[in-house]
Structures are given as C-alpha cells and as structure tokens.
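1. Sequence plus predicted model, see below.
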Amino acid sequence: ITFALRVTNVGPATASGVAVTQNFSIPLTNVILTPSSGTAGYTNGVVSWQLGIFSANDTATLSVSGRPVQTGTLGVSSFANHDLNDVFWGNNAAIGTVNVFAPGTSSTLLVPLAARQLVYDSLRDVIYASTPASNRLSGNLIAVIDPATGAMKGALAAGSEPDRISLSTDSGYLHVALNGAMGVQRFNLLANSADISFGFSTNDIYYAQDLLVQPGNASTVAASLSSYNMAAGFPSTVLAYDGGVARPNSGGPARGLAFSSDGSTLFGCVSPGISNAFERMVLNASGFTTTSVPGFTAVPNSLLFNSGRLYSSAGQVADASTGTLLGSMSVSGPEAVDGAAGRAFFLVQSGTNWQIRAFDLSTFQLAGTQTVFGVRGTPLNLIRCGQDRLAFSTSAGQTIIAHSILTMTNVMTSPSPTFHLLSSPGMFTNPPSLQIDTQPGSWYTVYTSSNLANWNVLTNFYASLPNIQIADPATNRFSARFYRVSSP
C-alpha cells in the first residue's frame, strides 16, 4: 500500500519547526519513505517527517509505502505541527481509511476519529461529526466525513468543545452546541462559514443535552438545557431560540428530544427516575405549552419521531397523539428509525462484540442481526447514512461506518454470481480460495454444506469489486465441501 502525503503552507508567514506525524492503526513492514524535502523515519506504526523551515506557499510531499501485518481497517491519521500560532489548526489534520486485503468483501470502516455526535447530510452525502478538544489538531471541529471512504474531506472551526449538532431540513444550516462556550454556533453550509452565535443564559452555567432545528424553519432551534451545577442527565429547561433570541415560555424539563415532522410539537423524556411518561411541548409564538403524557412502561431515555409514532431507545413505541403504547421491541440501546425501509435499528452488545439488530416497524419483530467487529468502548448515537449504511461513534475514539444488508428491504435481484475454485487442499493454498464474480454494489451470502442437505452461512459481504476472493478455513475438517452463493 502506498500513501501520498502533501503539506502546503498557505501563508502568509514562514513557518518554523514544521514536523508531520502519520499514525497507522495497523503496523507496516517493508516501509519505504520518499520525502521531497526534509527527513522522514518510521517507528512502531508512526511516521515522523521533519521539515524545519517552511516558507509561505511552499509545498512538500511524502510517499509512504509498506505492507500491513494483518487484515482489517487500516486507519491513517496525519498531523502537521509548527512553532508559531495558527489561525486554524483544523486544516493541519488529515484522516483516511483503507480496508486491508480483499477490500471488496469488507462491510465496515473503522475511522480513527473521536466524535460526540454524528449527523448525515443527504444532500451532500457527508457525515458531520463534532469532535472534542482532546482530539488535539482534529478537535474542536465539525469534521466532514465521506461515508463511502471514511476520509475527512474538510472541517469547520466549531469553537470550544462542540457536542450536540443539528442540521436544518433544507441542509442549509448546521447548529452546533458548544459545551465550553455554553452557547450555539450556527454555520451557513452554502457559504461554508460561521453564521450567528449566541449564549444560552446568564443566570446559570448551562450546556445543551439536546439541540434540534425546527423542521421547515432553519432560524429556530430548541435546546434541552442542563446546568453544570446539576447531576449529568437531569434536564433543567427547554427553550426555543429564534436567531439566538429565546422565546419567553420554556418547556419541559425534558431531554431526549424529538420534533414532530411538521415542527409544531416537541417531545421529550422527563428526568430519570421520576416517570416513564413523555412531555408534549406545543410550540407557539411565546414558547412552549407543556403536557405530561403517560404511555411508556419503561424509561424511554431518548425519543425518535416517525409517522406519528414515538420510538424510545428502550425499544417501546407509543402513539405521539394519544400516548397509547403500540408495542415493544425486545431491545434497548442507540437507535435509528428508517420509515421508508420500515425498519428500526439498534446497537446491542453481544459478548465482546456489538450487533446491529433490525426490527420491522409493522410487527415490531426482529428482522435480522449483523455483527460489527472491532468496536472499542461503548457506541454512542446511531444514524442512517446513505442507501445501505449506518454509522456511530464510540467512547473509545472511533467513528464506525457499516454497510448493512438489513437496510435493504426493496432490493433488485442482482445478476447471478459465479464461483471459481482458485485452489484446493494440497494444491496452492490451505485453506482453499474461491473467487466469486459479482455485481459491484450488491450484497451476497455464501453458504456451505458437507452433504448438500444442510446449509450454513459462511459469510455475508458487500461487493465493491467485480471479483471477490474468500477462504473457508473449515474445509479440512470435511471429506467433501459444497458451496452456493445468493444475492437478495
């Protein structure tokens, strides 16, 4: 694998003490470094490139070639430091991923980026991620991530400790809650620049537990506020802001907010331990009128609104108008709801791994599971991002993007795949290798059998290449081994 790294001093001053580090999540062997200037070395998965004095408008390049020592997602993080102050440190960082070996069969990208919340912009097909200051050069940003590659395409300088983020329904504005500044920064995404900013209050030290733009109105945002003087998780009040000006009547207290699709009503959960009810907050010119509505029988924790229903992260579903409990899914955890696909998705721990579990919105029954390997820490919010992808961040500094066949409920039948036996036991490799001719962009399931009667799933994969190679490590345990492949 070869990586090309380019550094440019956009000026206006000459930089001194310029040093670039490039971190690899999987160690490399046979490393060859070719810098256009300066000196470079590689030790224990880290490339160090010393450029020293770097004049304005100068550009330098470094070619890094090597062989990864194992399979999986190879995360690459590059950072440029220097001795002077910098107007925007965020453009001194670059992040990318590569799936090592058989990239066409991989369904998951493990991006080495800590993020507090993710939001998908379907207009631009990008993910916005709020990054903490602890990320150093990639911190205090709204990182712009390509969900197809996991690469950081750009960044917005957010301010002090960005956390909750919300995208307007027209994808024109992004509101960002700043825990450090105790307020909100709005970005005009058409101009790609910061817009208005405002503070939450002057009578306490507030931060936003939730931040939601009103559907159809990019100028109005609702925030569930909590005080740094209170225990975490306990909301204080809910306020609506118009261009940064708060309406006088507050709602709540509530958290885990969800707007109705027309933006007229805001729903939220009450404080932990008080009730399983939800708050219905009708928005008017003066603010909110709040009513407590019984409905859930388990603490809802957070809510999502879809087609007149409220979906709780505890797996329960209630009618948003009447509060009637409509059903329960035997699951709890971070959730995403896709009304068009008729599915709800949850992240659930299973042993040392995590699973995506999909449920049918009509029957509330389990529709399927998919294991996501390589997850460290605890998953945070879950989002849908594109035709067949889900994404989430973790408490251990990962942003994970997963292709999932569970999202595909109306799939066109792909052309029939074909097998080629590339090797057999005792010939070239052990275990044997199979090549499958596929249609890129399609999902496939490979089954195995030793008697042509009982079939088991060997693997599921998403094909991004026309020819995919797989191996069956269990072949040597059987006198005969048969394979078949299908596509939904």
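-> That came in fine, so what should we check first?

2. show me where pLDDT drops low in the stretch 201-350 of the chain?
-> Along the stretch 201-350 of the chain, the model assigns pLDDT under 70 to residues 202, 231, 233, 272-273.

3. what are the ranges of the helices in it?
-> Remark: no helices are assigned in the stretch 201-350 of the chain by DSSP state H, counting those that start in this stretch.

4. just the strands in it please.
-> For the stretch 201-350 of the chain, the strands defined by DSSP state E, counting those that start in this stretch occupy 206-213, 220-227, 237-242, 245-246, 255-259, 265-269, 278-284, 287-293, 303-306, 309-312, 316-319, 325-328, 335-338, 343-350.

5. Which stretch among those approaches Val18 most closely?
-> strand 206-213 (36.3 Å; Cβ to Cβ). Backbone N, C-alpha and C define where each C-beta goes, glycine included.

6. Please name the strands paired to the closest one in the sheet, noting orientation.
-> Strand pairing for strand 206-213, using DSSP bridges, gives strand 220-227 (antiparallel).

7. then the partner strand to PDB, C-alphas only?
-> Only the C-alpha atoms of strand 220-227 are listed here, as PDB (Å, rounded to 0.1, in the frame of the first residue of the first chain):
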ATOM      1  CA  THR A 220     -35.500  28.300  15.100                       C
ATOM      2  CA  VAL A 221     -33.700  25.800  17.300                       C
ATOM      3  CA  ALA A 222     -34.800  24.000  20.500                       C
ATOM      4  CA  ALA A 223     -32.400  23.200  23.300                       C
ATOM      5  CA  SER A 224     -32.800  21.000  26.400                       C
ATOM      6  CA  LEU A 225     -30.500  22.700  28.900                       C
ATOM      7  CA  SER A 226     -28.800  21.300  31.900                       C
ATOM      8  CA  SER A 227     -26.600  23.100  34.400                       C
END
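
8. quick check: angle from it to strand 287-293?
-> For strand 220-227 against strand 287-293, the angle by axes from the mean of the first three to the mean of the last three Cα atoms, to 10 degrees is 70 degrees.

9. Could you tell me the angle between strand 220-227 and strand 255-259?
-> Between strand 220-227 and strand 255-259, the angle comes out at 170 degrees (the same axes, to 10 degrees).

10. which residues touch strand 220-227?
-> With contact meaning Cβ atoms under 8 Å, 6 or more residues apart in numbering, strand 220-227 is reached by 166, 175, 177, 184, 200-201, 204-214, 232-242, 251-257, 259, 263, 266, 268, 283.

11. Give me the distance from it to the chain's centre.
-> Its chain's C-alpha centre and that of strand 220-227 lie 23 Å apart, by Cα atoms, centre = their mean, to the nearest Å.

12. before we move on, the earlier item: got JSON lines for the strands of the stretch 201-350 of the chain, with distance to Ser479 and mean neighbour count too?
-> What follows is these, written out as JSON lines (distance: least, Cβ to Cβ, whole Å; neighbours: other Cβ atoms under 10 Å):
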{"stretch": "strand 206-213", "distance to Ser479": "60", "mean neighbour count": "24"}
{"stretch": "strand 220-227", "distance to Ser479": "63", "mean neighbour count": "24"}
{"stretch": "strand 237-242", "distance to Ser479": "67", "mean neighbour count": "21"}
{"stretch": "strand 245-246", "distance to Ser479": "75", "mean neighbour count": "12"}
{"stretch": "strand 255-259", "distance to Ser479": "57", "mean neighbour count": "24"}
{"stretch": "strand 265-269", "distance to Ser479": "58", "mean neighbour count": "25"}
{"stretch": "strand 278-284", "distance to Ser479": "60", "mean neighbour count": "21"}
{"stretch": "strand 287-293", "distance to Ser479": "64", "mean neighbour count": "17"}
{"stretch": "strand 303-306", "distance to Ser479": "52", "mean neighbour count": "20"}
{"stretch": "strand 309-312", "distance to Ser479": "50", "mean neighbour count": "24"}
{"stretch": "strand 316-319", "distance to Ser479": "50", "mean neighbour count": "21"}
{"stretch": "strand 325-328", "distance to Ser479": "47", "mean neighbour count": "15"}
{"stretch": "strand 335-338", "distance to Ser479": "45", "mean neighbour count": "21"}
{"stretch": "strand 343-350", "distance to Ser479": "33", "mean neighbour count": "20"}
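
13. Put together a markdown table for those strands, with distance to Thr459 on each row.
-> Formatted as a markdown table, those follow (distance: least, Cβ to Cβ, whole Å):
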| stretch | distance to Thr459 |
| --- | --- |
| strand 206-213 | 39 |
| strand 220-227 | 43 |
| strand 237-242 | 47 |
| strand 245-246 | 54 |
| strand 255-259 | 37 |
| strand 265-269 | 40 |
| strand 278-284 | 42 |
| strand 287-293 | 46 |
| strand 303-306 | 32 |
| strand 309-312 | 31 |
| strand 316-319 | 33 |
| strand 325-328 | 32 |
| strand 335-338 | 25 |
| strand 343-350 | 18 |
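
14. out of these, which comes closest to Thr131?
-> For Thr131, the closest of the strands of the stretch 201-350 of the chain is strand 206-213, at 16.1 Å, according to Cβ to Cβ.

15. How far does the closest one sit from its chain's centre?
-> Using Cα atoms, centre = their mean, the offset of strand 206-213 from its chain centre is 19 Å.

16. what's the angle between that strand and strand 265-269?
-> Interaxial angle, strand 206-213 versus strand 265-269 (the same axes, to 10 degrees): 130 degrees.

17. so the closest residue to Arg247 other than its chain neighbours bridges to which residues?
-> Nearest non-adjacent residue to Arg247, counting by Cβ to Cβ, 6 or more residues apart in numbering: Gly287, 3.8 Å away. Bridge pairing for Gly287 (DSSP bridges) gives the partners Asn249, Asn284.

18. Do I have it right that Gly287 meets Val245?
-> No: using Cβ atoms under 8 Å, Gly287 is not in contact with Val245; the gap is 11.4 Å.

19. gap between stretch 76-86 and the chain center?
-> With Cα atoms, centre = their mean as the basis, stretch 76-86 stands 25 Å off its chain's centre.

20. Quick one: closest of the strands of the stretch 201-350 of the chain to Ile468.
-> Nearest to Ile468 among these is strand 343-350 (25.7 Å), distances taken as Cβ to Cβ.

21. ok now the closest one, how far from the chain's centre?
-> 14 Å.

22. Which residues does the next helix or strand after it contact?
-> As assigned by DSSP states H and E, the chain's next helix or strand after strand 343-350 is strand 353-360. Contact with strand 353-360 is made by 329, 331, 342-349, 365-373, 375, 379, 390, 402, 404, 406-407, as judged by Cβ under 8 Å, 6+ apart.

23. cutoff 7 Å now
-> With Cβ atoms under 7 Å, 6 or more residues apart in numbering as the test, strand 353-360 has contacts from 329, 331, 342-348, 365-373, 375, 379, 390, 402, 404, 406.

24. Derive a ChimeraX selection command for the buried subset of those residues.
-> Listed next is the ChimeraX selection for buried residues among the contacts of strand 353-360, using 16 or more other Cβ atoms under 10 Å:
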select :329,331,342,343,344,345,346,347,348,367,370,372,375,379,390,402,404,406
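
25. What residue, apart from its backbone neighbours, is nearest Arg69 spatially?
-> Careful, residue 69 is Val and not Arg. Once flanking residues are discounted, Val69 sits nearest to Pro27: 5.1 Å by Cβ to Cβ, 6+ apart.
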